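Participant: Structure for this input, please:
(chains A, B, C and D, ligands or ions: 2)
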Amino acid sequence: MEPIAIISIFVLAVFVGFEVVSKVSSTLHTPLMSGANAIHGVILVGAIIVADHSSTNLELGLAVAAIILATINMVGGFVVTDRMLEMFKPKKGGEKK
Amino acid sequence: MEPIAIISIFVLAVFVGFEVVSKVSSTLHTPLMSGANAIHGVILVGAIIVADHSSTNLELGLAVAAIILATINMVGGFVVTDRMLEMFKPKKGGEKK
Amino acid sequence: MSHFLYSLIGLAAGVCFILALKGLSTPKTARRGNIIGAIGATIATLVVFFYAQEGESLPLNNFGWIIGAIAVGVVIGVPAARKVQMTQMPQLVALFNGVGGGAAALVAIVEYLHLGDTANTAEVIATVFTVIVGCVSFSGSIITFLKLQELMTTRPVVFPGGRFVIAGTLAATLAAAVWVVIELGTNPLMILAALSLLFGILFVLPVGGADVPIVISLLNAFTGLTVAASGYVLDSTLLIIAGTLVGASGTILTRLMAEAMGRSLFGTLFGAFTAKPQEASGAAEERPVRSGSPDDVAILLNYARRVVIVPGFGLAVAQAQHTVRELADLMLAKGIDVAYGIHPVAGRMPGHMNVLLAEANVPYDQLAEMDEVNPTFGQTDVAIVIGANDVVNPAAQTTPGCPIYGMPILEVSNAANIIFLKRSMRPGFAGIENELLYDPKTMLLFGDAKASLTKVVSALKNL
Amino acid sequence: MSHFLYSLIGLAAGVCFILALKGLSTPKTARRGNIIGAIGATIATLVVFFYAQEGESLPLNNFGWIIGAIAVGVVIGVPAARKVQMTQMPQLVALFNGVGGGAAALVAIVEYLHLGDTANTAEVIATVFTVIVGCVSFSGSIITFLKLQELMTTRPVVFPGGRFVIAGTLAATLAAAVWVVIELGTNPLMILAALSLLFGILFVLPVGGADVPIVISLLNAFTGLTVAASGYVLDSTLLIIAGTLVGASGTILTRLMAEAMGRSLFGTLFGAFTAKPQEASGAAEERPVRSGSPDDVAILLNYARRVVIVPGFGLAVAQAQHTVRELADLMLAKGIDVAYGIHPVAGRMPGHMNVLLAEANVPYDQLAEMDEVNPTFGQTDVAIVIGANDVVNPAAQTTPGCPIYGMPILEVSNAANIIFLKRSMRPGFAGIENELLYDPKTMLLFGDAKASLTKVVSALKNL
Ligand SMILES: NC(=O)c1ccc[n+]([C@@H]2O[C@H](COP(=O)([O-])OP(=O)(O)OC[C@H]3O[C@@H](n4cnc5c(N)ncnc54)[C@H](OP(=O)(O)O)[C@@H]3O)[C@@H](O)[C@H]2O)c1
Ligand SMILES: NC(=O)c1ccc[n+]([C@@H]2O[C@H](COP(=O)([O-])OP(=O)(O)OC[C@H]3O[C@@H](n4cnc5c(N)ncnc54)[C@H](OP(=O)(O)O)[C@@H]3O)[C@@H](O)[C@H]2O)c1
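Facilitator: Numbering: from 1, shown residues only, chains lettered A, B, ... in the order given. Ligands and ions are numbered 1, 2, ... in the order given. The predicted structure is shown next:
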């Protein structure tokens, strides 16, 4: 992709990120942090691509490590965020502890 | 530019536009409308580019017309928006009518 | 200048536009935002003169023509923007939007002529899109201008078989579009442009006067999209970003506006076709109303402790904003507590009342938004409704199925006394009877709002 | 699958991430938002398996390894995420962030090895950036994890000449970066990675335990940027968008968090170097305090009409959230009006208290935000402060220059009685004396919050 396209996408994504997050209530800061954290787990995609490229054992070893780490980040991040948010669901009376 | 870059820029710009405008107070809807209107006056840039390209009289004539129209849109739009917004500046007591 | 640097500056201009829209979202930063936008536009324009496309050299070809055309545009645009009255703002915005759409269409046509057979299909499709939407925006905006300037009737223009004519024109336009994409050539394109212009006219004719601002906002968003499409053909990131921004924000604005009026966008555009013809409502009934003289009104005001002024469309028509200010100042001098209750869609454009009253130098702290002022009507002695009707009509809350049902209103009926300043018993834009006019605590002062207000002011002065 | 379609699906996944962040901004839509994000991530991952790069064919090379590695990741990640206690959330987020940063660094290294001499300078620079920041994020997060898990001291670790060691490491890292860009080659890159890992450790060591969440948030934003840089090298729009989103939103979050604590980001990161060593404050003074027994507390609560519970960091440490709930239920059963006053930075992470209390099933309507609850302390009979200190310390309002000056606090001093549950007279994180502890209307109940609460509950039951 042309550099200018990449820069444009970057700049616009910065604005989107700023705008979307800037008005969040502090109640949700913890899940928001772990949710954003989960999103950068898509580096998994990159890790898979480089694992496909890998031609030496060193490369493959590092790529496999990258895949493991990225998967932990992504899957774990979404699961834990969901766990937290589940507790935020409106509960009537809150009877059953 | 590659199609995917253009589409990405388009999609991100849509989000930016939505996010930025969606929480505006109705007090400023009129200036916002005329301000957004002024922004699309940058088609002037396009008009100048095609005027530069023009090789026939027909093309040049149309391009010149486009430049005139676009300039009216852009310059007029920003000026009138500024005029409106000037009136919104905080005024103490509002004495001098 | 390298293409990269050129595009980078364009991107910077795009960022200026984003900041402009961001700024425009609150009064405090609005003016600065607009200036940032203007700076971005200026930079974007200047930089074109310093960038030679491949195989070309500076200065640009036709340099003299370009500068001359810009000068002409400035000479026309600036005075228009400086002199226009605030009441005529909707017209001016319509006109500016129309010329923008026209410019986009012209740019697309010229680029098409220039590219000739070298254009690829995607470029041709973008061109066709720009030509159609730009032309519709142009001719449609001209019609909205004529309606708003009352150079033609503001009523929906419907003629027998109208909907078939419109559908036919649309079909012909689309057919021409396909023709252009397949056959290429100048003539098909010109025919397409002509059909699109015609469709723009037919599309806006059936829209009623008060719905016109929504149409303007919609056309504004459309014009933004044409600019984005031109950006694709001309390979300009700036145009893509700027156009898309306007397209997206225009769409949101249109929706907000339609929502504030409790209407659907579809109903706005095609309401004239589906609506049952409204009978000249209530005229047959001839129920008694209590009409008063300027002196009666002045007395009522004189002994009030709290008065809420509800301005509307009619105030703008009568250009009575300065006289209203005079009346408010007079009451304030007499120690009466005065507030303005501003409905978000009072006037001809969303937020129009705020602009009008800002122009009349009404101090901020007297302007109250609907949500603020509604709970205070219970402690209000007199609500004086000036050239407004629909925005206080209780039918919006009580009559399911009426055109404004669900629209939030200013609840003046909770005030101890209501005064209406209007010229007749005719209903407001929505064309529905307002029960409030027959309320025992309502007093009507017939006549042009400005004339009536002037009389009330002098009566009040003499008390 | 064509590259265009592949990229388009990636873009769609990017849009999912935007929607996820949008959704996460209000409790109502948060869970759905997170699920949309997870769907986006799943699609993005699956689609890689169906796209063959130029000159290659499907299935991917090393397919078995890839699937196996993913399985391992799932087997480690999911149970960790499922079993973690809510009080340990900051650690887990730190760890997840660290592995993400590590993954980004590894990806960059492998791609660098793969590209060899064919990499252009821009790609090498992006690689170097990713390696440095990814490694810093990795090792820094590990240290924050160790601190939060209390596997090492939570105090700032400062050693003589520490700042010179850090500056030296930074300089060496940058030098190595330049070396890699100029010379290329595997060894320089490995040295760069090692130096970056070292720098990450040294960078986080001097940060105090309670400031660690800010550092995590910052490292989170950094990791996002490395993902964006990888996206550039790997030509993936998705990674650019996702990474940038996280970078931008992480930056905003970091700023919001620092602001809510009334601190500057700079002070957080480098405070340990510039701060004068805090004397073991107040210990020398030995002023009298009123300490009470669980029975005293129970009696006070029993005769109150309105009680506000102020939970803090210590509640999380003692894991007393369920016991607090029990106490609150008991009081409610006795007809006492109970509310929780939640300070935005109470706990170890912003919004942490909300998560902890949500876990203990505390009903929504009992949770009050700071701005809501502050005006009500005047009508409150007992404010019971459980493992909190700084967030109620009036020094934030009265002592200019103290570390928390300017931070908004919960104004418990307006309540008729104040009860503190803490273990000692030691100050809170900010290390400053809390005058409130010596206030005549304050009663102190020393001991671990959970143990104390259990005693109070049984005392109250017996009344
Ligand atoms: N602001 C927007 O964005 C926007 C956009 C589109 C549509 N609308 C619609 O416009 C309407 C606005 O409500 P509104 O209450 O402001 O206006 P309205 O309901 O249309 O009422 C205007 C009233 O002003 C009176 N009037 C007209 N000219 C006058 C004059 N010279 N002197 C005194 N009175 C005069 C009319 O009665 P007489 O004829 O008896 O004098 C009429 O009853 C709403 O239905 C809204 O949905 C608003
Ligand atoms: N939430 C965030 O995002 C965040 C992030 C970074 C920093 N911070 C900072 O963290 C602080 C949070 O304020 P805070 O009032 O919640 O906490 P704090 O000021 O640190 O006070 C915690 C109190 O809990 C007591 N405590 C600790 N363990 C306990 C136990 N097991 N049982 C009973 N009491 C116990 C401690 O006193 P004893 O030792 O005497 O028991 C201490 O006074 C603020 O200064 C804030 O700026 C917050």
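Participant: Tell me who's in contact with residue C:388.
Facilitator: For residue C:388, the contact set (Cβ atoms under 8 Å, 6 or more residues apart in numbering or on different chains) comprises C:310-315, C:343, C:346, C:410, C:428. Using the backbone N, CA and C atoms, a C-beta is placed for each residue, glycine as well.
Participant: what does residue C:114 give?
Facilitator: With contact set as Cβ under 8 Å, 6+ apart, residue C:114 has these partners: B:50, B:53-55, B:59.
Participant: Kindly provide the distance from it to residue B:53.
Facilitator: 5 Å (Cβ to Cβ, to the nearest Å).
Participant: Between the two, which contacts overlap?
Facilitator: Shared contacts of residue C:114 and residue B:53, counting by Cβ under 8 Å, 6+ apart, come down to residue B:59.
Participant: does ligand 1 sit close to stretch C:337-344?
Facilitator: No. Stretch C:337-344 stays clear of ligand 1 (Cβ under 6 Å from any ligand atom), getting no nearer than 6.7 Å.
Participant: Contacts for that stretch, please.
Facilitator: Residues outside stretch C:337-344 that contact it (Cβ under 8 Å, 6+ apart): B:26-27, B:29, C:260, C:305-312, C:328, C:331-332, C:350-351, C:353-354, C:357, C:362, C:366-370, C:373-374, C:376, C:383, C:388, C:391-392, C:409-410, C:412.
Participant: Please pick the buried ones from those.
Facilitator: For the contacts of stretch C:337-344, a burial check counting by 16 or more other Cβ atoms under 10 Å in any protein chain shown picks out B:26-27, B:29, C:260, C:306-312, C:328, C:331, C:350-351, C:353-354, C:357, C:362, C:366-370, C:373-374, C:376, C:383, C:388, C:391-392, C:409-410, C:412.
Participant: Output stretch A:32-51 as PDB, nothing but the C-alphas.
Facilitator: Output of stretch A:32-51 as PDB, limited to C-alpha atoms (Å, rounded to 0.1, in the frame of the first residue of the first chain):
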ATOM      1  CA  LEU A  32     -12.400  -1.200  28.500                       C
ATOM      2  CA  MET A  33      -8.700  -1.600  29.200                       C
ATOM      3  CA  SER A  34      -8.900  -5.400  29.000                       C
ATOM      4  CA  GLY A  35     -11.100  -5.200  25.900                       C
ATOM      5  CA  ALA A  36      -8.600  -2.900  24.100                       C
ATOM      6  CA  ASN A  37      -5.900  -5.300  25.300                       C
ATOM      7  CA  ALA A  38      -7.700  -8.200  23.700                       C
ATOM      8  CA  ILE A  39      -8.000  -6.300  20.400                       C
ATOM      9  CA  HIS A  40      -4.200  -6.000  20.000                       C
ATOM     10  CA  GLY A  41      -4.200  -9.800  20.200                       C
ATOM     11  CA  VAL A  42      -5.000  -9.800  16.500                       C
ATOM     12  CA  ILE A  43      -1.300  -9.700  16.100                       C
ATOM     13  CA  LEU A  44      -2.100 -13.400  15.900                       C
ATOM     14  CA  VAL A  45      -2.900 -12.800  12.300                       C
ATOM     15  CA  GLY A  46       0.600 -11.500  11.800                       C
ATOM     16  CA  ALA A  47       2.100 -14.400  13.700                       C
ATOM     17  CA  ILE A  48       0.300 -16.900  11.500                       C
ATOM     18  CA  ILE A  49       1.500 -15.100   8.400                       C
ATOM     19  CA  VAL A  50       5.100 -15.200   9.500                       C
ATOM     20  CA  ALA A  51       4.700 -18.900  10.500                       C
END
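Participant: how close does the residue of the stretch 101-250 of chain C found nearest chain A get to residue B:9?
Facilitator: With Cβ to the nearest Cβ, the shortest gap between the stretch 101-250 of chain C and chain A falls at residue C:237, namely 5.2 Å. The gap separating residue C:237 from residue B:9 is 7 Å, by Cβ to Cβ.
Participant: which ones among the contacts of residue C:388 are found in helices?
Facilitator: Among the contacts of residue C:388, the members found in helices (DSSP state H) are C:313-315.
Participant: Of those residues - the most surrounded one?
Facilitator: residue C:315 (29 neighbours; other Cβ atoms under 10 Å in any protein chain shown).
Participant: got the contact list for that one?
Facilitator: Taking Cβ under 8 Å, 6+ apart as the criterion, residue C:315 is in contact with C:321, C:324, C:347, C:353, C:356, C:386-388, C:449.
Participant: Return the item of these having minimum pLDDT.
Facilitator: Of all the contacts of residue C:315, residue C:347 carries the smallest pLDDT score, 80.
Participant: What count of nearby residues applies to that one?
Facilitator: Residue C:347 is flanked by 31 other residues according to other Cβ under 10 Å.
Participant: from memory it sits against residue C:312, does it?
Facilitator: Yes. Shown here, residue C:347 and residue C:312 form a contact pair, counting by Cβ atoms under 8 Å, at 6.9 Å.
Participant: Give the intersection of the neighbour lists for the two.
Facilitator: Common neighbours of residue C:347 and residue C:312 (Cβ under 8 Å, 6+ apart) are residue C:353.
Participant: quick one: the residue of the stretch 101-250 of chain C closest to chain A and ligand 1, what's the gap?
Facilitator: Residue C:237 is 34 Å from ligand 1, where distance means Cβ to the nearest ligand atom, to the nearest Å.
Participant: I'd say residue C:383 and residue C:376 touch.
Facilitator: No. Counting by Cβ under 8 Å, residue C:383 does not reach residue C:376; the two are 10.2 Å apart.
Participant: Below-threshold pLDDT in the chain: ranges please.
Facilitator: Picked chain A for this. A:90-97 (pLDDT under 70).
Participant: actually it's chain C I care about, not the one you picked
Facilitator: Using pLDDT under 70, the flagged stretches of chain C are C:54, C:154, C:209-210, C:263, C:267-286.
Participant: What parts of it come near chain A?
Facilitator: Contacts of chain C with chain A, taken as Cβ under 8 Å from any Cβ of the partner chain, map to C:3-4, C:7-8, C:11, C:14-15, C:18, C:237, C:241.
Participant: Out of those residues, which sit inside helices?
Facilitator: Short answer: the residues of chain C next to chain A in helices (DSSP H) are C:3-4, C:7-8, C:11, C:14-15, C:18, C:237, C:241.
Participant: where does chain A come near ligand 2, residue by residue?
Facilitator: Counting by Cβ under 6 Å from any ligand atom, no residue of chain A is near ligand 2.
Participant: Next to chain C, which bits of chain A? Give me the list.
Facilitator: A:3-5, A:7-8, A:11-12, A:15.
Participant: list residues touching both of residue C:383 and residue C:376?
Facilitator: Residues touching both residue C:383 and residue C:376 (Cβ under 8 Å, 6+ apart): residue C:308.
Participant: residue contacts, the closest residue to chain A within the stretch 1-150 of chain C?
Facilitator: Using Cβ to the nearest Cβ, the single residue of the stretch 1-150 of chain C nearest to chain A is residue C:7, 4.1 Å away. By Cβ under 8 Å, 6+ apart, the contact list for residue C:7 reads A:4, C:236-238.
Participant: And for residue C:104?
Facilitator: For residue C:104, the contacting residues are B:40, B:43, B:46, C:130, C:133-134, C:137, C:223, C:226-227, C:229-230, by Cβ under 8 Å, 6+ apart.
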